[in-house]
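1. okay, sequence plus prediction incoming.
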Amino acid sequence: MFKINDNYLKLPGSYLFSTIAKKVNEYQTANPEKDIIRLGIGDVTQPLAPSIIDALHGAVDEMAHAETFHGYAPDLGYEFLRNAIAKNDYTDRGADIEADEIFVSDGAKCDSGNIQEIFAQDNKIAVCDPVYPVYVDTNVMAGRTGTYDPKAETWSDVIYMPCTAENNFAPDFPDEVPDIIYLCFPNNPTGSTITKDQLQGWVDYANKNGAVIIYDAAYEAYISEDNVAHTIYECEGARTCAIELKSFSKNAGFTGVRLGYTVIPKDLKCGDVQLHSLWARRHGTKYNGAPYIVQKAGEAVYSEAGKAQLKEQVGYYMNNAKVIFEGLKDAGYTVSGGVNAPYIWLKTPDHMTSWEFFDHLLENANVVGTPGSGFGPSGEGYFRLTAFGSYENTVAAMERIKNM
Ligand SMILES: Cc1ncc(COP(=O)(O)O)c(C=O)c1O
């Protein structure tokens with residue numbers, strides 16, 4: 001008789017965005033005449049930039065001829081893409097990362113969920129609270145998180161690092177020293193970030209305590225302030241303690257195209273064992289590479305034309321962020337984020353819970369956002385709006401909220 005991995009049964013409720021979709025569908029069915037504006041899920045809405053479309057077309061045409069056809073991609077990614085990443089995202093920023101320390105993948109969600117596989121079961125993880133739910137849930141599936149307290153909405157073996165208005169949404173070093181520290185800056189969902197000096201503090205902490213940092217920089221392209229690091233490898237000592245995850249979803253609109261990468265420096269070791277070699281083994285065994293066509297599109301992201309077009313695209317979303325930030329402020333809300341990230345984080349009014357405010361906004365403004373409590377217990381009483389909608393919808397949503 002087969003047995004299931006019953007760690008899956010420990011996972012509470014359904015995935016946050018499934019619950020939101022269900023609620024919105026029910027509301028729309030009951031109110032078919034209502035025009036709902038969705039500023040909930042962090043999906044982009046603008047079309048791919050012209051230089052990326054050209055690269056995709058070119059690569060498709062190559063696949064039509066035996067001489068230029070491409071089958072399986074190299075396990076760790078094509079060199080043309082890894083070289084472009086190493087130069088543009090690292091060397092040009094003064095960060096010491098080689099092309100062969102980069103593992104190309106089909107996105108940061110898979111990598112952020114899978115990376116825990118190369119660590120022992122009895123490692124203790126620490127997460128920012130609130131944060132992207134994938135880090136905790138995948139450790140639950142792996143049986144690393146202990147027991148769930150439904151009242152507190154916490155796991156007994158997870159170290160939560162609250163990020164609230166009281167600490168300016170930046171985590172403090174935890175009382176108990178973790179083995180694996182997940183950091184995500186600019187942060188989803190709070191839209192906040194930490195300074196380069198603060199990040200250096202975490203690198204020093206990890207090196208001192210023999211911990212590893214898994215640094216999710218999916219929103220790096222949205223950084224506008226000078227004192228914020230674009231990669232953790234700008235910090236001294238990060239090569240011996242940090243893994244970095246990157247995505248092409250938010251900087252280049254690849255949510256439906258799928259491309260990302262993970263960096264594991266060769267200096268990152270447990271005893272004599274390089275984490276790089278473990279991840280290379282894992283990648284080679286379980287993954288057959290992002291498609292050639294998509295990697296060619298990824299290369300175009302780093303072309304001069306691509307860079308200029310994507311700067312404009314990110315600027316478009318950041319203008320929406322400004323509209324939301326200022327609109328909410330004018331309407332009397334307490335808001336943060338939106339400066340180095342496409343997320344605006346607001347305090348719910350009148351002590352409403354996050355889900356109460358979700359219903360309130362859906363029913364009274366026909367606007368969908370995301371309850372902060374879905375990202376961790378310290379997100380309760382907060383709410384996230386995204387800047388990834390169209391400008392017109394963003395402006396309309398703000399008008400509706402102001403008139404609520
Ligand atoms: C923090 C964070 N990491 C990773 C991802 C997933 O990125 P990808 O589309 O590359 O899988 C997201 C998506 O919303 C995210 O918010």
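-> Alright, I've got the coordinates.
2. from here on, contacts and neighbour counts on C-alpha atoms
-> Fine.
3. OK, now which residue of the stretch 151-300 of the chain is nearest to the ligand?
-> Ser247 (4.1 Å; C-alpha to the nearest ligand atom).
4. and the closest residue to that residue other than its chain neighbours, how far from Ser277?
-> Sequence neighbours aside, Gly260 is the residue nearest to Ser247 in space, at 4.1 Å (criterion: C-alpha to C-alpha, 6 or more residues apart in numbering). Distance of Gly260 to Ser277, computed by C-alpha to C-alpha, to the nearest Å: 19 Å.
5. so between those two, which is more surrounded?
-> Gly260 (23 against 14; other C-alpha atoms under 10 Å).
6. re earlier: and the pLDDT at the residue of the stretch 151-300 of the chain closest to the ligand?
-> The confidence metric pLDDT takes the value 98 at Ser247.
7. and the helix or strand hosting Leu278, C-alpha only, in PDB?
-> In the assignment (DSSP states H and E), Leu278 maps to helix 275-286. Taking C-alpha atoms only, helix 275-286 is exported to PDB below (Å, rounded to 0.1, in the frame of the first residue of the first chain):
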ATOM      1  CA  LEU A 275      26.800  24.100  -2.500                       C
ATOM      2  CA  HIS A 276      27.500  24.900  -6.100                       C
ATOM      3  CA  SER A 277      28.200  21.200  -6.900                       C
ATOM      4  CA  LEU A 278      25.100  20.000  -5.000                       C
ATOM      5  CA  TRP A 279      22.800  22.400  -7.000                       C
ATOM      6  CA  ALA A 280      24.600  21.500 -10.200                       C
ATOM      7  CA  ARG A 281      23.900  17.800  -9.500                       C
ATOM      8  CA  ARG A 282      20.300  18.600  -8.600                       C
ATOM      9  CA  HIS A 283      19.800  20.800 -11.700                       C
ATOM     10  CA  GLY A 284      21.400  18.100 -14.000                       C
ATOM     11  CA  THR A 285      19.200  15.400 -12.600                       C
ATOM     12  CA  LYS A 286      15.800  17.100 -12.300                       C
END
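8. mind listing what's buried along whichever helix or strand comes after that helix?
-> Once the chain leaves helix 275-286, the next helix or strand it forms, by DSSP H and E, is helix 292-301. Neighbour counts using 16 or more other C-alpha atoms under 10 Å place 292-301 of helix 292-301 among the buried residues.
9. so what touches the helix or strand bottoming out on mean pLDDT in the chain?
-> Within the chain, no helix or strand scores below helix 16-30, which has a mean of 92 by mean pLDDT, DSSP states H and E. Residues outside helix 16-30 that contact it (C-alpha atoms under 8 Å, 6 or more residues apart in numbering): 34, 36, 41, 362, 368, 370, 374.
10. with stretch 210-220 instead?
-> Contacts for stretch 210-220 (C-alpha under 8 Å, 6+ apart): 108, 112, 178-187, 203, 205-206, 230-232, 241-251, 341-342.
11. circling back to that earlier point, my guess is the residue of the stretch 151-300 of the chain closest to the ligand meets Val263, correct?
-> No: counting by C-alpha atoms under 8 Å, Ser247 stays clear of Val263, with 11.5 Å between them.
12. can you give me the neighbour number for the residue of the stretch 151-300 of the chain closest to the ligand?
-> 27.
13. next up, phi/psi of it, please.
-> phi -130, psi 150 (degrees, to the nearest 10).
14. rewinding a little: of the contacts of stretch 210-220, which belong to helices?
-> Counting by DSSP state H, the contacts of stretch 210-220 place 108, 112, 203, 205-206, 249-251 in helices.
15. filter these by proximity to the ligand?
-> 108, 249 (C-alpha under 6 Å from any ligand atom).
16. re the thing from before, the residue nearest to Ser247: what's it in contact with?
-> Counting by C-alpha under 8 Å, 6+ apart, Gly260 has contacts 104-108, 245-249.
17. mind doing that once more with 6 Å?
-> Contacts for Gly260 (C-alpha atoms under 6 Å, 6 or more residues apart in numbering) come out as 105-108, 246-248.
18. and the contacts of helix 16-30, which is closest to the ligand?
-> Nearest member of those to the ligand, counting by C-alpha to the nearest ligand atom, is Ile41, at 7.9 Å.
19. tell me how many other residues surround that closest one.
-> So Ile41, with other C-alpha under 10 Å, has 18 neighbours.
20. also the one 4 residues further on?
-> Other residues within reach of Thr45, judged by other C-alpha under 10 Å, total 13.
21. up against the ligand, what does the stretch 1-150 of the chain have?
-> Residues of the stretch 1-150 of the chain lying near the ligand (C-alpha under 6 Å from any ligand atom): 42, 107-109, 132.
22. what about burial for these, which qualify?
-> By 16+ other C-alpha under 10 Å, these give 42, 107-109, 132 as buried.
23. now those residues in JSON lines, with pLDDT?
-> Conversion of those to JSON lines gives the following (pLDDT from 0 to 100):
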{"residue": "Gly42", "pLDDT": "87"}
{"residue": "Gly107", "pLDDT": "97"}
{"residue": "Ala108", "pLDDT": "98"}
{"residue": "Lys109", "pLDDT": "97"}
{"residue": "Tyr132", "pLDDT": "95"}
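24. make a markdown table from the residues you listed and add distance to Met398 to it.
-> Output for these, formatted as a markdown table (distance: C-alpha to C-alpha, whole Å):
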| residue | distance to Met398 |
| --- | --- |
| Gly42 | 18 |
| Gly107 | 32 |
| Ala108 | 31 |
| Lys109 | 30 |
| Tyr132 | 25 |
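25. sweet, I'm off.
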